[in-house]
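> Here is a sequence together with a model predicted from it:
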Amino acid sequence: MTHRLMLFATAALSCAAALNAQDAAREWVDADTGHRVVRLSDEAGSGSLYFNQNGYTADGRKLIYTSPAGIHALELATRRSKLVVAGRVRVIEAGRKSMNVYYIKEGAVHATNVDTGETRQVGKLPPRGSAPTVNADETLLAGTYIEGEGQDFNQQRPQQTPGAERRPLEEPVGKGEMMERRLAARLPMAMFTMSIQTGEVKVIHRATDWLNHLLFSPTDPKLLMFCHEGPWHKVDRIWTVRTDTGKITKIHTRTMTMEIFGHEFWSADGKLIWYDLQTPRGEVFWLASYNVETGERRWYSLQRDEWSIHFNVPRDGSVIAGDGGDPGQVAKAKDGRWIYLFKPELLPNRGADDPALIKPGVLRSERLVNMSKHNYRLEPNVSFTPDQKWIVFRSNMLGPSYVFAVEVTKTAAK
């Protein structure tokens, strides 16, 4: 065989091996958990949305995800995907009422129908403004901007792409120092709404707190959650504001030094705000909920290795998903690299029946996916599919990042 033919044959074998490896990584049963895992996306560098963004179309049929090429819509039933918005854009989220996906392009908010491709510009953002959330009836977006000439730290988390993840708070000195400097700067900020119909911008709140992580209720179109950003042990993080009245409510009050709480998200019915709570930081771990209608509080305890960067709940709220963490995270878990399924269990009350008291419980865990090959600088960001049969996450376990899903029910042995 000539040298050229040998090179050709070697290249062909290498190509075939790569294709076989890709095919083999399309679907498998996790050997450690017995749960089926599928790779949903084909594009290297692709990823599902941030854990608290709505990534599913209003009809529940399609998943929105991003890649270097733009925004894609994947039909969950067939796993067929199509590019619906081409180019470098910042996805906001999918609408809960229409088939639109909202995104930022060249300083303006746009909306594209994922079925028809019809696109329109919603409105121009204020200078250095960002709008990370859409309300329940798709009448408003909400965002923030720094007023004046202060430095823009651009920390709106939901705007990130899989290739541009922030580093965990415990890892690099640079991140911690930046958070401290930004908090101390006390820059004047404005929180605004934008009319989806007219593009009109209206300021609803001003502060020198670092306003961030805006998230509309999934059911109440006038209730907006936001946070005071900064080192978690120094800020009162979780708040809500009504866009119609301006009424502001603090959701959690610290009761000990070094108590931290954050990574807040809504339940699907809009009644609960869930959040990671540590009393104190890195030592005692809870997943807490607050009922915005009744004020009831529930705290579910979990073990150090079960702590997750993010949690999420399905539409019926019966179970909880967690995306785990590595030893570099705040929990410093030695064996925490897993996708988890938790069943919340309230403890029986044999004491005072006082509705003002916190109702304690525990999370009973099941491991779904071994994430030992995942680099947690890319956060998995778990979410349940609308039918609650799958948990979607992103991972770089194969090298580049892709979108994956794990089946909630364990695959039957053959």
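Yep, it's here.
> Regarding this structure, what is its longest strand?
The residue-count maximum for a strand in the chain (DSSP state E) belongs to strand 359-370.
> That one: how far from the chain's middle?
How far strand 359-370 lies from its chain's middle: 19 Å, per C-alpha atoms, centre = their mean, to the nearest Å.
> Would you indicate which residues of it are buried?
The neighbour-count check on strand 359-370 (16 or more other C-beta atoms under 10 Å) flags 361, 362, 363, 365, 367, 368, 369, 370 as buried. The way it works is simple: take the backbone N, C-alpha and C, and place the C-beta from them, glycine included.
> got those residues as CSV, with distance to residue 210 and pLDDT columns?
Listed next are those as CSV, based on distance: C-beta to C-beta, whole Å; pLDDT from 0 to 100:
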residue, distance to residue 210, pLDDT
361, 32, 98
362, 34, 98
363, 31, 98
365, 34, 98
367, 36, 98
368, 35, 98
369, 34, 98
370, 37, 98
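> pLDDT below threshold where in the stretch 151-300 of the chain?
151-173 (pLDDT under 70).
> can you pull out the helices in it?
173-185 (DSSP state H, counting those that start in this stretch).
> Tell me where it has strands.
189-195, 201-207, 211-216, 223-228, 238-242, 248-250, 260-266, 272-278, 285-291, 297-302 (DSSP state E, counting those that start in this stretch).
> other SSEs contacting the shortest one?
Right, the one you point to is strand 248-250. If contacts are counted by 3 or more C-beta pairs under 8 Å, 6 or more residues apart in numbering; DSSP states H and E, strand 248-250 sits against strand 238-242.
> In the strand it packs on, which of the residues would be classed as buried?
238, 239, 240, 241.
> Mind exporting the C-alpha coordinates of that strand to CSV?
Provided in CSV are the C-alpha atoms of strand 238-242 (Å, rounded to 0.1, in the frame of the first residue of the first chain):
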residue,chain,number,x,y,z
ILE,A,238,-34.4,38.1,47.6
TRP,A,239,-37.2,40.7,47.0
THR,A,240,-40.3,41.1,45.0
VAL,A,241,-41.9,44.3,43.5
ARG,A,242,-45.3,44.9,42.0
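> Sheet partners, orientation included, of it?
strand 223-228 (antiparallel), strand 248-250 (antiparallel) (DSSP bridges).
> Show me the contact partners of the last one.
Meaning strand 248-250. By C-beta atoms under 8 Å, 6 or more residues apart in numbering, the list of residues contacting strand 248-250 from outside reads 205, 236, 238, 239, 240, 241.
> In TSV: the residues you listed, plus distance to residue 77.
Converted to TSV, the contacts of strand 248-250 look like this (distance: C-beta to C-beta, whole Å):
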residue	distance to residue 77
205	42
236	44
238	37
239	39
240	36
241	38
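> for the residues you listed, which one is nearest residue 177?
Nearest to residue 177 among these, counting by C-beta to C-beta, is residue 236 at 21.7 Å.
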